[in-house]
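> Got a sequence here, can you model it:
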Amino acid sequence: KHKKMVASVVDQLLGVFPTSRDISNFLRVPSLPKVDVRGYARSCSKYVSISVTFILSRIVRNPHQSVAMCFLLGLAVIFLLDRSQSQDFGAGSRAVRGGGSMSIMTEYSTHDDHGRTVPQHGPHVKLPVHFNYINNVNTTVFGATPVFWYLPRSGGNTVTEIFGKCRGMVIAGAWMGATDGGLKVVHENGIKQVTADLTTADSREKARDKGLRDVHPNILVLSPNVYETSDIFSGSYQAELWTWFRHPVERQISYYFYLKNIPMGHPRYNPSMATLTLGEWVLTHLHTPNAMLTTLLGVPTNPMGWTEMDLTVAKNLLRQKAKIGLLDQKTESVRRFSYGRAPVGASGARECQERLLDYAWTTKGRHDPVGKKSDGYQLLVQSNSLDMKLYDYAVYLFEQQAEVFV
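Now for the predicted structure:
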């Protein structure tokens, strides 16, 4: 009877047991991991649960003391998880060759069937509710709107051009003109666009209320920030997430030279760029470290910046909900984005796509090579260490998804 009482109370306790994030918010301790202890507890074997209950009932005869010990045991689990997730992975990392680029692979990795080192996605975590609007990557929902996430100087503009010019999709998120009145589809530079401003929270909500998703059945939403794009959607499982990756350091170097070569009179012209070296630029506010995490997850919950646990959340977001595209594998990536969608576009769509992907790649940036041992390169590696790990994981997922999008 005593064991049944303790087991019943423990089960009720698990039902209301706070997540570590709840405790973190209450205690204002940002280092606690964002894992759901309920999920971990309920995923344990029933035999382990029975054994723990039996041991507690034998050691402590008072049922109230048994429940208290269970609660303290749960807090200890949270503490151990926090310690395991807050280790400095950077200290134990080593450089390996992967995907034709120098990348950072942590020692907290395993090996696949071919003996290759692969990154770990970390513990399974419950994603923030802001990402509920995105379908799971292994499911197909009829009428889901594709959302395309990419960063500047990663080749995303050309991919957008492929789906706009060659595939005939209507692009939302690139319109720079007036947005007065209702939403409509206009032709601009050979691409159909929706007259919607998606740059602010208010404008995204207005576009949603005006029926952005209903303007055209073949719409593609450009997303500079996956977290903020949730403002466009009013329910769950309404979008399909396409992500486009380029090696973080290579992208940042390309972005530096892009800013440096902007002519006077351009809205983004900054006279200080004329004298800044790459290493100096990395240390200024003009450089955004770990931009991938910032544009995927929004604002870090830790006032000190992004943490290893935020990286784990981002990895789970990619694993659960994202189609992965890589600049180094652009042709195959575009094919996977089109997987499961009805073919659209003009009769010369294939030739149009091949021209943009190969000999007319419009975003190729020309600049002087930067040595990987140079101070500027190494500073970029250090300041974008979490993005480097996320990129490694994206490359791994791209290989795994080859079995899905055949």
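> need the helices for the stretch 251-400 of the chain, in chain order.
Secondary structure of the stretch 251-400 of the chain (DSSP state H, counting those that start in this stretch): helices at 278-282, 291-297, 308-321, 330-338, 349-357, 375-383, 385-400.
> Show me what the last one is packed up against.
Translated: helix 385-400. strand 93-98, strand 101-106, strand 117-119, strand 239-245, helix 248-260, helix 291-297, helix 308-321, strand 322-326 (3 or more Cβ pairs under 8 Å, 6 or more residues apart in numbering; DSSP states H and E). (Each C-beta comes from the backbone N, C-alpha and C, glycine too.)
> contacts for the fifth one?
With contacts defined as Cβ atoms under 8 Å, 6 or more residues apart in numbering, helix 248-260 is touched by 101-102, 151-154, 268, 270, 273-274, 276, 278, 281-282, 286-287, 291-292, 365, 367-368, 370, 376-377, 380-381, 384, 387-388, 391.
> cool, the last one as well?
Where contact means Cβ under 8 Å, 6+ apart, the residues beyond strand 322-326 that reach it are 99, 137, 159, 240-246, 318, 333-334, 336-337, 339, 394-395, 397-398, 401, 405.
> how much does that strand deviate in direction from helix 308-321?
Counting by axes from the mean of the first three to the mean of the last three Cα atoms, to 10 degrees, strand 322-326 lies at 100 degrees to helix 308-321.
> tilt between strand 322-326 and helix 385-400?
Going by the same axes, to 10 degrees, strand 322-326 makes 100 degrees with helix 385-400.
> and Q238, backbone torsions?
Phi and psi for Q238, reported as degrees, to the nearest 10, are phi -110, psi -10.
> contacting residues for it?
Q238 touches 133, 135, 141, 144-145, 213, counting by Cβ under 8 Å, 6+ apart.
> Can you pull the poorly scored residue ranges out of the stretch 151-300 of the chain?
Flagging of the stretch 151-300 of the chain using pLDDT under 70 yields an empty set of residue ranges.
> List the buried residues of stretch 178-191.
Across stretch 178-191, burial judged by 16 or more other Cβ atoms under 10 Å covers 179, 183, 191.
> Next: stretch 286-304.
287, 289-297, 301.
> for stretch 272-290, same thing?
Here stretch 272-290 shows 273, 276, 278, 281-282, 287, 289-290 as buried, counting by 16+ other Cβ under 10 Å.
> repeat for stretch 150-159
Neighbour-count burial for stretch 150-159 flags 150-156, 158-159 (criterion: 16+ other Cβ under 10 Å).
> could you measure the nearest residue to L293 once chain neighbours are set aside against T294, distance?
Distances taken as Cβ to Cβ, 6 or more residues apart in numbering place W306 nearest to L293, at 5.0 Å, with adjacent residues excluded. Noted for W306: a distance of 8 Å to T294, by Cβ to Cβ, to the nearest Å.
> about what we covered before: tell me, how many residues neighbour the residue nearest to L293?
Residues within reach of W306, counting by other Cβ atoms under 10 Å, total 21.
> Let me see the contact set for it.
290, 293-294, 300, 386.
> Understood, closing this out.
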